[in-house]
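Trainee: just a sequence and a predicted model for now, questions to come.
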Amino acid sequence: MIKQQLTSKNYTPFVEEIEKYFSQSDIVLQDDRNTIKEVEFNSKAFVIKSYKVPNAINSFIYTYLKKSKAWRAYEYGLKISKFTPKVIARVEYFQPLLKQSYLVCEKFDADFNMQTPLFKQHPDKNILLKQFAQFVLELHNNNIIHHDLSPGNVLIKKNKRGYKFQIIDINRMIFKVPKVKERAQNFSKLWASDEDLTTILKTYAEVANLDSNFVSMGLAYNQRNKDRKNRKLKIKKALGLC
Ligand SMILES: Nc1ncnc2c1ncn2[C@@H]1O[C@H](COP(=O)(O)OP(=O)(O)O)[C@@H](O)[C@H]1O
Ligand SMILES: [Mg+2]
């Protein structure tokens, strides 16, 4: 069985042949857990994300109990359309449990992602850190919390007016008025240095009118997350799992 949803009938010929479009493209944007490829349809660039086929237990859950990642990312994409590349479709294949699932979006022609100001050289590094803080504040002010706010999930394009930010990988989001604690916590997946994170948190606090306690709170959450991840990595290494 195939379940699909698309934002316009114009995409029907594209979505009906999604597996063909996906397999025939050799523009691979990422091939890790999930595979992301760029394809062309009607002379326009799109991105297809093929989610890793879930294990038997998750397949069962996504078939009978919970919306799949592709489904959630599609729904959330419609909800936060200003902040993410336009979603086009979701397609899921069941036999009878969920196997392949795809999300189709417009391609955002990014120049780089948040890894550049955080881990590489960039002449506008400081401006980018400050604008990123304001972008996250805008998300929060729109009651959007991206639960996977890693540097690779924030795409950036330079335009005439400055930098445009977009978030991707949006199947884990929460929609609510964030508490101060949740605002500070939201920066802990960046793996930013304390110095860079301080710039980001200070800017956020200034613009949001929060006291300087916010900076130490954010730094503490960040450290906690780094420690937890490093501990997990050590255990995995000790077990010979990586
Ligand atoms: N809509 C898009 N426009 C442009 N590039 C994209 C788009 N979606 C994904 N990408 C590229 O693919 C990469 C991985 O996408 P992502 O959804 O974060 O996959 P993963 O789950 O593997 O992290 C991104 O870092 C980006 O380079
Ligand atoms: Mg990602």
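Mentor: That came through, no problem. Ligands and ions are numbered 1, 2, ... in the order given.

Trainee: spatially, what comes nearest to the residue nearest in space to the middle of the chain if we skip its sequence neighbours?
Mentor: For the chain, the residue sitting closest to the mean C-alpha position, by CA atoms, centre = their mean, is Asp169 at 2.7 Å. Once flanking residues are discounted, Asp169 sits nearest to Asn153: 4.3 Å by CB to CB, 6 or more residues apart in numbering. For glycine as for every other residue, the C-beta is placed from the backbone atoms N, C-alpha and C.

Trainee: next: Phe135.
Mentor: Closest to Phe135 by CB to CB, 6+ apart is Phe165, at 4.2 Å.

Trainee: just Tyr204 next, same as before
Mentor: Ala133 (4.3 Å).

Trainee: the one you found reaches Val207, doesn't it?
Mentor: Yes: judged on CB atoms under 8 Å, Ala133 makes contact with Val207 at a distance of 7.2 Å.

Trainee: quick check on the residue nearest to Asp169: phi, psi?
Mentor: Asn153 adopts backbone torsions of phi -100, psi 10, taken as degrees, to the nearest 10.

Trainee: from Ile2, how far out is it?
Mentor: 28 Å (CB to CB, to the nearest Å).

Trainee: cool, and Ile48?
Mentor: From Ile48 to Ile2 the distance is 15 Å (CB to CB).

Trainee: so which of those two has more stuff around it?
Mentor: Higher neighbour count among Ile48 and Ile2: Ile48, with 24 against 12, using other CB atoms under 10 Å.
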